[in-house]
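Trainee: Need a 3D model of the following:
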Amino acid sequence: MHKLKPNEQINRLSGAVKDMDCLSRQALSEIVAITDLLLHWMESPECYHHIDKVADALNLISYRAQETIDNVGREAESVGCEYIDHDRERRHAAAHQYKMGRGEHA
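Mentor: Residues are numbered from 1 along each chain as shown. Model (predicted):
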């Protein structure tokens, strides 16, 4: 992105921020709606006759959250502004080394 003129950089960054705002607002609104419905439903004994539906709703929340993390990350990366969690990377590398030392494959 450094080869772009300053105005082009600003426009590209602005577009990425707007896309991330849209992606996150949509997904997080869906997560809030599902969570609110689920919590309300859990106040009814009927809910516990269909615990598989609760599990499905929780899986959907998890999927949508991970999808949003991935989408927002791609948008940030596309303009060179991705967040890197160095602590997490070190933990992942240590776990990988541990597994490799024990003959396990990651």
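Trainee: helix, strand or coil for C81?
Mentor: coil (DSSP: H, G, I helix; E, B strand; the rest coil).
Trainee: got a pLDDT number for it?
Mentor: Listed pLDDT for C81 reads 91.
Trainee: need the next SSE after the lengthiest helix in the chain, C-terminal direction.
Mentor: Ranked by number of residues, the top helix in the chain under DSSP state H is helix 6-41. Going down the chain from helix 6-41, the next helix or strand is helix 51-78, by DSSP states H and E.
Trainee: Can you name every helix or strand that that next one contacts?
Mentor: helix 6-41 (3 or more CB pairs under 8 Å, 6 or more residues apart in numbering; DSSP states H and E). Backbone N, C-alpha and C define where each C-beta goes, glycine included.
Trainee: who's in contact with R64?
Mentor: Taking CB atoms under 8 Å, 6 or more residues apart in numbering as the contact definition, R64 lies against A27, E30, I31, I34.
Trainee: Distance to V17, neighbour count and pLDDT added to those residues, as CSV?
Mentor: Output for the contacts of R64, formatted as CSV (distance: CB to CB, whole Å; neighbours: other CB atoms under 10 Å; pLDDT from 0 to 100):
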residue, distance to V17, neighbour count, pLDDT
A27, 16, 17, 96
E30, 21, 15, 97
I31, 21, 16, 97
I34, 26, 15, 97
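Trainee: Of these, which is the nearest to E46?
Mentor: Proximity of the contacts of R64 to E46 (CB to CB) peaks at I34, which lies at 17.5 Å.
Trainee: Can you tell me how far the residue nearest to A76 when sequence neighbours are not counted is from H50?
Mentor: Using CB to CB, 6 or more residues apart in numbering and skipping residues adjacent in sequence, the residue nearest A76 is E82, 4.5 Å away. Plainly put, E82 is 40 Å away from H50 if you go by CB to CB, to the nearest Å.
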